Each structure stands twice: as structure tokens, then as C-alpha cells.
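S.K.: could you look at this predicted model? Sequence included:
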Amino acid sequence: MDKAGGTGSQLRILGAAAHGEQATVNFLLQDGAGPKLTPTPANTQIVEGGKPAKVLSIEHLKTPPSLVLVLDSSGSMRKSMRQVLASARAFIQGLPDDTRVQLVDFDAQVRPFKGTSRAEALRNLGKVSAGGSTALYDAVLAGLKMLDGEQRPTLIVFTDGVDSREDHSGKGSNATKTQVAQAVADAHLPLFTIGFGPGHDGSTLKELAGMSDGTYYSADDTTALQHVFASINDRLGNRYAATYERPREAAPSDLPVITLATDVSLSM
């Protein structure tokens, strides 16, 4: 069974599997571009092989998320480090108990910490200090690699958005922005960038987040941070499984295409 994207950028099919006369489609629904809604059989349509299917049920998936938090501890972040660490601590403390969370600290070097629990991530925050140049692109690639094969993966980068490779302020990344763009596209996961410091490079952070289903946020004040964490937590929960009755008519191809549409206008 093949898969295809849904309507607009809000909905993306993650996978599909047939079970005799029924099938299940797993999909991601993001809130950013329209009114928040809960998909139901009444407001969701599925078409397989050009034939409409009957939607039987839609389940909100409860699979624990897997997160990697990448923290920029380069010299340019020195004035923002207290805010970065406090923000990361607040975010980790607000995660569900069963979340798999890993921490990466980087300056000119990329240093993944051991441990995948919230408690271990909180302890590792105490080992982070600012200094050195910035290998931002290498750090993003390291975070993507750590999430390879994980369920509900999300990468979150706390940085001022400057790679020393670009501004020639010191030893930067070995990887290029083009290589990072390709790796993010291949990973099929949301990458959130959170910009710290009054002079942070928002254009680069917007570009990085735009390579995926993630979003860039400025963390200039505490209120902004609260919106950042609320938005990330909200998006982490928006994965669903729709079970439907497969069309009885034979599909025109041995590799049927599935189209799933959820009505964001709430008019269905």
C-alpha cells in the first residue's frame, strides 16, 4: 500500500498498512496554519486508489515522544547561557514522564550526553558552560542521527543561529547548510529553532526550521518562551491513526495511492 500527502501543509501521512478488508493510516496534523480541531470520522475523508473509503475510527496516538535538545554553548552565547539553561530546564520538566529526551552540547565540538530520561537530561544541563566557536550545522546533523529510527522524533535547537563556518569567527562546522538541508528533508521530522540574544540570526533559524515541519521562535522574553513550549508540546501530541473500510472496487493499480483530507473549515 502506497502513501501520499494530505491537503495543504497541515496534514502529512506517516504510514499505512492493510488488514484484510480494513486498513490503517497514521498521520500528523499540525495546528499552525488554521483553527485547532480534532479529526473524527465525520470531518475526515479517505480515498484509496481513487475510490472513497468509509472511515471507521480515528485514534489519538499515545506513543511517547523522542526528543533531542541541542544547546549552543559557544562564546557568542555567553550572555544568554543562563536564560538558555533555565529555558531548557523548564521545558524538560514539563515533558511527560515517559518522554525519551537526549541532550547535545556544542561549541566548536559537538558533545552528546549519555542518558535518555528527564532526570538524566536535567543533570546534564549542569555540565554545560559557554566558550569557543560555533559548529551549528554539525550539531544539527548529530541530533538528527540520534533520532534515526525513534518514534515521534523531534529536534529542538537552542542557539543564536550563527555558524562560525559562515561568519569566519573561528572553527565552524565541517558540514554545509546544503548538507544539513538534505539531511533534514530525509529525516522527515520537525526541527524547532529557538533564537536567543538580541542579535541572534533569525533568518538562518527560520531557514533551518523551514527545512522541516518545525517552526522558528524568538526567545527574547519569558512570555515568548511560554508560547514556544506550549506550541511544541501541542504539536508533539497531534498524531493519529485512522482505521477505514477499504473500497470493494478493484484499484486501477497494484500500488494504490491513499489520499486523506481533514476539513479545517469545520464545515463538514
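M.R.: Done, it's in.

S.K.: so where is the stretch 151-268 of the chain shaky, pLDDT-wise?
M.R.: Along the stretch 151-268 of the chain, the parts satisfying pLDDT under 70 run over 221-222, 225, 229, 235-236, 250-258, 260, 262-268.

S.K.: need the helices for it, in chain order.
M.R.: Along the stretch 151-268 of the chain, counting by DSSP state H, counting those that start in this stretch, helices occupy 164-167, 177-187, 202-210, 222-236.

S.K.: right, and those - which one's nearest A17?
M.R.: A17 sits nearest to helix 177-187 of all the helices of the stretch 151-268 of the chain, at 21.6 Å, using C-beta to C-beta. (C-beta placed from N, C-alpha, C; glycine too.)

S.K.: show residues contacting the closest one.
M.R.: With C-beta atoms under 8 Å, 6 or more residues apart in numbering as the test, helix 177-187 has contacts from 137, 140-141, 144, 147-148, 153, 163, 166, 191, 207-208, 211-212.

S.K.: show me which of those residues are buried.
M.R.: Buried members of those, counted by 16 or more other C-beta atoms under 10 Å: 137, 140-141, 144, 147, 153, 163, 166, 191, 207-208, 211-212.

S.K.: please name whichever of the helices of the stretch 151-268 of the chain is nearest to S117.
M.R.: So among those, helix 222-236 is nearest, using C-beta to C-beta, at 17.0 Å.

S.K.: which residue is nearest the centroid of this structure?
M.R.: Centroid-nearest residue in the chain: P190, 2.1 Å away (criterion: C-alpha atoms, centre = their mean).

S.K.: can I get the helices of the stretch 151-268 of the chain in JSON lines including distance to I58?
M.R.: As requested, the helices of the stretch 151-268 of the chain are exported to JSON lines (distance: least, C-beta to C-beta, whole Å):
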{"stretch": "helix 164-167", "distance to I58": "44"}
{"stretch": "helix 177-187", "distance to I58": "26"}
{"stretch": "helix 202-210", "distance to I58": "28"}
{"stretch": "helix 222-236", "distance to I58": "18"}
